[in-house]
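Asker: give me a model of this one.
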Amino acid sequence: MIGELAGLARSLPPESTQQAAGYPSLFLLVVVGALVPVVPTGAVVSSAAVVAFHQTAPFSLLFVFVVASAAAFLGDLGLYWLGGRGFRSRNGSRWLARIHDRAAPERLATARARLDEHGVAVLVLSRLVPAGRIPVMLACLLARMPLRRFARGAAPAALAWAGTYELIGVLGGSLFAEPWEGVVAAVALALLIGAAPAGWRRLRRGRREAAG
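Answerer: This is a model prediction of the structure:
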């Protein structure tokens, strides 16, 4: 039995091979998640941070941060550019329609008010608040904000977002000796954070309906 386990351990790919496959996968998943907001990108980054925390290779956590923040930034720019094409197109854009459908009217109104008050600085907070990115992006599109100005707010927003979810992964990795346990904890926490606002809104809506 011990010999079989030793053979299995030797058959595992080295850390360099894991990193060579892991960083491109992380980049691709975060970019796709930014363009099509159905991938839980926060959980993806937290999981990658757990794995990096348990590796012996230097700068693993730094590479996760750089890759995740760059992918989030490029994904936001890509979605904003695709949404902006909807305003320039006679028949609109399916990307603009998707952005509009995912932004609740009350959250859009709040985002537009905060954008008028704080400018592109509101993009940083929108990236950190679950389900806050799309309403603020739509508010920027409706305000016809140039892509270059949007990028000035999207860059620090991507850095803050990547750092926050990487910290969640580091905390999960530090609590457990086995990487898979830390991954499970980090993913559960990231998903809980992402689902909390929607759950709170449903609870408030249920209370208002019950009171009515």
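Asker: where in this protein is pLDDT low?
Answerer: Judged by pLDDT under 70, the chain has its weakly predicted residues at 1-21, 56-57, 87-93, 95, 175-212.
Asker: all helices for it, in order.
Answerer: Along the chain, the segments classed as helices by DSSP state H run 2-11, 15-35, 41-53, 60-88, 94-101, 105-118, 122-128, 133-142, 147-175, 179-211.
Asker: could you pull out the buried residues of the third one?
Answerer: Residues of helix 41-53 classed as buried: 41-53 (neighbour count, 16 or more other Cβ atoms under 10 Å). Just so you know, the C-beta spots here come from the backbone N, C-alpha and C atoms, and that holds for glycine as well.
Asker: how near is V67 to L141?
Answerer: V67 sits 27 Å away from L141 when distances are taken as Cβ to Cβ, to the nearest Å.
Asker: tally of neighbours for E106?
Answerer: 10 (other Cβ atoms under 10 Å).
Asker: ok, it - contacts?
Answerer: By Cβ atoms under 8 Å, 6 or more residues apart in numbering, no residues touch E106.
Asker: from R112, how far off is it?
Answerer: Relative to R112, and taking Cβ to Cβ, E106 is found at 11 Å.
Asker: can you check V38 too?
Answerer: For V38 relative to R112 (Cβ to Cβ), the value is 25 Å.
Asker: thanks a lot, catch you later.
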